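Chemist: based on what follows, work out the 3D shape:
(chains A and B)
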There are 2 protein chains.
Amino acid sequence: MDIVVQKYGGTSLGDLDKIKKVAKKIKDRKDSGDKLVVVVSAMGNTTDSLKSMACRLSENPKPRELDVLMSTGEQVSIALLSIALNDMGCKARSFTGHQIGLVTEGYHTKSKITDIDASIIFQELDKDNVVIVAGFQGINSNNEITTLGRGGSDTTAVALAAKLSAVCEIYTDVDGIYTIDPGLYPKARKLESISYEEMMEMASLGSGVMHPRSIEIGHNYKVPIYVAISTGECPGTFIKESDNSMEKTVITGLAVDNNDAMVTVNNFPYAVHSVSELFKGLAEKHINVDMISQTTPVDNKISVSFTIPRDDLDTALKSLKELESKTGSFITETDTNITKLSVVGMGMKTQSGVAARLFSVLAENSINIKIITTSEIRISCTIDPGDQAKAVSAIAEEFDL
Amino acid sequence: MDIVVQKYGGTSLGDLDKIKKVAKKIKDRKDSGDKLVVVVSAMGNTTDSLKSMACRLSENPKPRELDVLMSTGEQVSIALLSIALNDMGCKARSFTGHQIGLVTEGYHTKSKITDIDASIIFQELDKDNVVIVAGFQGINSNNEITTLGRGGSDTTAVALAAKLSAVCEIYTDVDGIYTIDPGLYPKARKLESISYEEMMEMASLGSGVMHPRSIEIGHNYKVPIYVAISTGECPGTFIKESDNSMEKTVITGLAVDNNDAMVTVNNFPYAVHSVSELFKGLAEKHINVDMISQTTPVDNKISVSFTIPRDDLDTALKSLKELESKTGSFITETDTNITKLSVVGMGMKTQSGVAARLFSVLAENSINIKIITTSEIRISCTIDPGDQAKAVSAIAEEFDL
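Modeler: Residues are numbered from 1 along each chain as shown, chains lettered A, B, ... in the order given. Next up, the predicted model:
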C-alpha cells in the first residue's frame, strides 16, 4: 500500500463535469489499494478573474490581501472535489494550506514552503480518507494567508510527496515532456524519462509544463515525479535521478523562450565593484537575470549584456538609473525583439564539441547569434525571432530531437 | 474615540463599484476619529451560486465540505474591500474567521459562536488599521472551517461588538425596521427604536431584516444595534433595551409569515409522555416548532396542531411516522396553505385586552382564525392566505401601525 500524491491543474478541473471525471479517477485508484493525497489548483481561469477584480479596485493591490483573495480559488476546488468523491461513496476530506500546517516564509504572492505538518495527513490516511489539499497556498508565522506564486500547486504537491516519502503524479493538460514544444516542432518526441537537472533547466527556460521550483524540491528530496495528461489516455514522462536506464543522448531537449528582453550597458566603468553593483541592484528588485555576457575592457570601459523577463524591463531600467549616481553615467540599450534558444542535456557533461556543433548548424543556416551563455548541461543563445522556426528545425535534426 | 463594528450585507457589496462606495464610507467614518471593525457578507448572490455548484455534484453534499466552500464567499469580500480601502490611503487588513480566533461549536452549516480572540483585533486597531472580518464563518475545536447558518454575518457582527464593548451598525438594503413590511402595507411607519425583545419576536416571525440569533446576542450583552440602509441616505432604527424614551404604543409591529406549514394530529393518545415524545422527535430532527395548540381530551384522545417551517414538513412527517410505533396509530393532517400573523409589543405586558381587540378586528372583517398562540409580548394566529391583505390593513388601522 503506497502513498501517492496526485496533483490536478486548473484545466483538469475546469467545470463540474471535469471535477466528476477527476473524482472517478481518484476513486478507481483508491479502490486499487493506494492511499491518496490529492493537490488541486483553482478551477479553470478562476485565479485570473480574481486577480482582475483586485486590479480593477487598485493599480497596486496589497500583496497580503491578494493572497487572501487568490487562495479562495483552490479552497473552492478542494470542497467541490471532496463533495463529488463523497457522493461516489469514496471517503474524502478537504484541507486548506493552513489546516495541514503548510508554513511559508518570504514575500506575499511568492512565498516559499518551510514546513508541512504531515501528522494530520497520516491521521486522515489511517482513517481511509482521501486527503484533498488546496495547492498554491500556505500560512506564514504571523498566521497570514500566503501564496506560492506561479506553479505553486506543483510545488505544494512535490513538497507534500517529499514530506510523506511518496511518489508525485502531476496531471495536466499536456501528455508529458517533449524534446521540444510540439506546438513549435510537431515532429518532437515525447520523453519516457528526464533527469531532474535537465527538467529544471527546461522548466526555467519556459518549457511551461512544470515550475522549476517544484523540480528543485523533487531533486533535493529525490521525489519520483510523473507528468501525464489528466484523462490518462497515454503514458507520460518520469522525472527522476539520472541513471543508466535513460536514453544516451547528448541533448535531451530544446527550449524556446520569447518572453525575455536583452539589456546592454555600454561605456560601463571597469572597476572591481561596478559589475557586482549592477547585478546587486537588479537582485534587490527581485529581477531574475538569465544570460550574462561581458566584453573585455577597452580604455577601462566594458559592455555588459544580460537577459531578463520582459515584464521586468521598466524596473530594471529604474535600477540602472539609480546605479548611475554611484558609477557615473553610461549608455543603456534595450532589445525586446529577441528569442532565446537553449539546448539541455546531461550528455554535455561528458561529450565535448556540443557547442561547436550547435553554432555550426546555426551558421550553416545563416542565423546570427547575439549573445551566448553555457552551463554544464545547457547552452543558450539569443537570435532574431524571425529565425526561430528555421533554427528549431535545424537543431532538432542535428541532435535527433 | 469609540470602537464601532459595522456590517455590510451582500447587496451592499454586489459589485466592485458598490465595494468602492462602501470603502469610501468606511474611510470617511475612520477619518472622523472612530476605530472601525467591519464585518462583510459574500458579494451579491455568491453564496447561492456556490451552494448550487455543490448541489449539482451531490444531492446531499457533506456539510463539512459545504462550509469549506461557502466560506470562500466572505473571504473574497474581505480581500476586495481591504484592497479598495488601502488604495484610498486608508490602512486596512482583512481577517478570516480562523484568523480572529472565532471559535464555534455545533453542527456544520449551523454552528454557534463560543469565543472570539479580541486581542488580535485590539492590536490591529492600535496600529490604526481598519479591521475587515469575514462574517458567517469560524473554526471549530478540530480546526475545521464552520459557518453560522442564515443571518450568520449579523451574528458575527453583534458577537464582535459584544466582545469589544462596541456599538454595532448593520448596513443593509432596507432603511430600518418598520411596524409592518412596507411591501405588504405601504403606509407602515419606520420605528426610531425597538426593544431587543420585540425585535427578537419580529425577527423570528420572518420580518427578514435581521436574524433572531444576532438580536439575542445583542440582548444578552446589551450591544446597541443600529440598522440602516448602506447608502446612508436616511436615519435607521436603533435596537436597544426597552426604556422610557420609546414610544408608548401597545403594539410595535405586525409580522406576516408565509413560509410555515400547519400539522394536526387527530385521535392522538392522551398519555403523560405522548405529547412530549411528539415534540422531542421533532427537536431531534432540528425542526423549529412555532405555534402549538392542543384540544382537551375526549375519550382519552386529543388533537394537537403546530406550525413548522414548510421546508421541514417532509422530515416532520417522517418523525411522526416513527412515533406511531411507540404511541399506536393516529391521524395526521397537513395544511401548507396558511399565513401566520403576529402582533408584537412590550405594551402588551401592562395593557390587557389586546387579544380581544385583535380578534374582534378580524371577526368584523369575517376572517377565520385557525390556531392562536400568545406569549407575554406577542399574539400569533394563522389565517387563510386569501385574507392576508384585508387582515393587515384592519390590524394596522386598529393599532395605528
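Chemist: what does the stretch 151-300 of chain A have sitting close to chain B?
Modeler: With the criterion set to C-beta under 8 Å from any C-beta of the partner chain, the stretch 151-300 of chain A never comes near chain B. From N, CA and C alone the C-beta is placed, and that goes for glycine too.
Chemist: do a quick rundown of the helices in the stretch 51-200 of chain A.
Modeler: Assignment of helices within the stretch 51-200 of chain A using DSSP state H, counting those that start in this stretch yields the ranges A:63-87, A:118-126, A:152-164, A:196-204.
Chemist: the third one vs helix A:118-126, what angle?
Modeler: Right, helix A:152-164. 80 degrees (axes from the mean of the first three to the mean of the last three C-alpha atoms, to 10 degrees).
Chemist: other SSEs contacting helix A:152-164?
Modeler: Counting contacts by 3 or more C-beta pairs under 8 Å, 6 or more residues apart in numbering or on different chains; DSSP states H and E, helix A:152-164 is packed against strand A:3-8, strand A:35-40, strand A:112-115, helix A:118-126, strand A:130-134, strand A:167-172, helix A:212-221.
Chemist: of all the ones you listed, which one comes closest to B:Ile194?
Modeler: Ranking the helices and strands packed on helix A:152-164 by proximity to B:Ile194 (C-beta to C-beta) places strand A:130-134 first, at 43.6 Å.
Chemist: list the helices and strands that closest one packs on?
Modeler: In terms of contacts (3+ C-beta pairs under 8 Å, 6+ apart), strand A:130-134 is packed against strand A:35-40, helix A:63-87, strand A:92-95, helix A:118-126, helix A:152-164.
Chemist: for the ones you listed, which one sits closest to B:Tyr8?
Modeler: Evaluated with C-beta to C-beta, the helices and strands packed on strand A:130-134 place helix A:63-87 nearest to B:Tyr8, the distance being 16.7 Å.
Chemist: for that closest one, which positions count as buried?
Modeler: Within helix A:63-87, the residues scored as buried using 16 or more other C-beta atoms under 10 Å in any protein chain shown are A:64-87.
Chemist: farthest residue from the center of chain A?
Modeler: Within chain A, the residue lying farthest from the chain centre (C-alpha atoms, centre = their mean) is A:Asp299, at 41.9 Å.
Chemist: what mean pLDDT does stretch A:387-401 get?
Modeler: Stretch A:387-401 shows a mean pLDDT of 91.
Chemist: what sits up against it?
Modeler: With contact meaning C-beta atoms under 8 Å, 6 or more residues apart in numbering or on different chains, stretch A:387-401 is reached by A:179-180, A:184-185, A:187-189, A:249-251, A:253-254, A:256, A:258, A:339, A:341, A:343, A:357-358, A:361-362, A:364-365, A:367-368, A:383.
Chemist: returning to what we had before: any chance of the helices and strands packed on strand A:130-134 in a markdown table, plus distance to A:Ala203?
Modeler: Compiled in a markdown table, those are given as follows (distance: least, C-beta to C-beta, whole Å):
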| stretch | distance to A:Ala203 |
| --- | --- |
| strand A:35-40 | 18 |
| helix A:63-87 | 21 |
| strand A:92-95 | 27 |
| helix A:118-126 | 26 |
| helix A:152-164 | 9 |
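Chemist: what parts of the stretch 301-401 of chain A come near chain B?
Modeler: When proximity is defined by C-beta under 8 Å from any C-beta, the stretch 301-401 of chain A lies next to chain B nowhere.
Chemist: helices of the stretch 301-401 of chain A, start to end?
Modeler: Under DSSP H, counting those that start in this stretch, the stretch 301-401 of chain A gives helices at A:313-327, A:354-364, A:388-399.
Chemist: which helices and strands sit right next to the second one?
Modeler: Looking back up the chat, that one is helix A:354-364. Helix A:354-364 sits against strand A:378-383, helix A:388-399, with contacts defined as 3+ C-beta pairs under 8 Å, 6+ apart.
Chemist: so what pLDDT did the closest residue to A:Leu401 other than its chain neighbours get?
Modeler: Computed as C-beta to C-beta, 6 or more residues apart in numbering or on different chains, the closest residue to A:Leu401 that is not its neighbour in sequence is A:Thr179, at 3.8 Å. Here, the pLDDT recorded for A:Thr179 equals 90.
Chemist: about what we covered before: so who does the residue farthest from the centre of chain A touch?
Modeler: Going by C-beta under 8 Å, 6+ apart, A:Asp299 touches no other residue.
Chemist: pLDDT wise, what is A:Gly232 at?
Modeler: What the model reports for A:Gly232 is a pLDDT of 78.
Chemist: and it, how many residues sit next to it?
Modeler: 14 (other C-beta atoms under 10 Å in any protein chain shown).
Chemist: now list the buried members of the contacts of stretch A:387-401.
Modeler: Of all the contacts of stretch A:387-401 considered here, the ones buried according to neighbour count by 16+ other C-beta under 10 Å are A:179-180, A:184-185, A:188-189, A:249-251, A:253-254, A:256, A:339, A:341, A:343, A:357-358, A:361-362, A:367, A:383.
Chemist: re the thing from before, turn the helices and strands packed on helix A:152-164 into a markdown table, including mean neighbour count.
Modeler: What follows is these, written out as a markdown table (neighbours: other C-beta atoms under 10 Å in any protein chain shown):
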| stretch | mean neighbour count |
| --- | --- |
| strand A:3-8 | 24 |
| strand A:35-40 | 28 |
| strand A:112-115 | 17 |
| helix A:118-126 | 15 |
| strand A:130-134 | 27 |
| strand A:167-172 | 23 |
| helix A:212-221 | 22 |
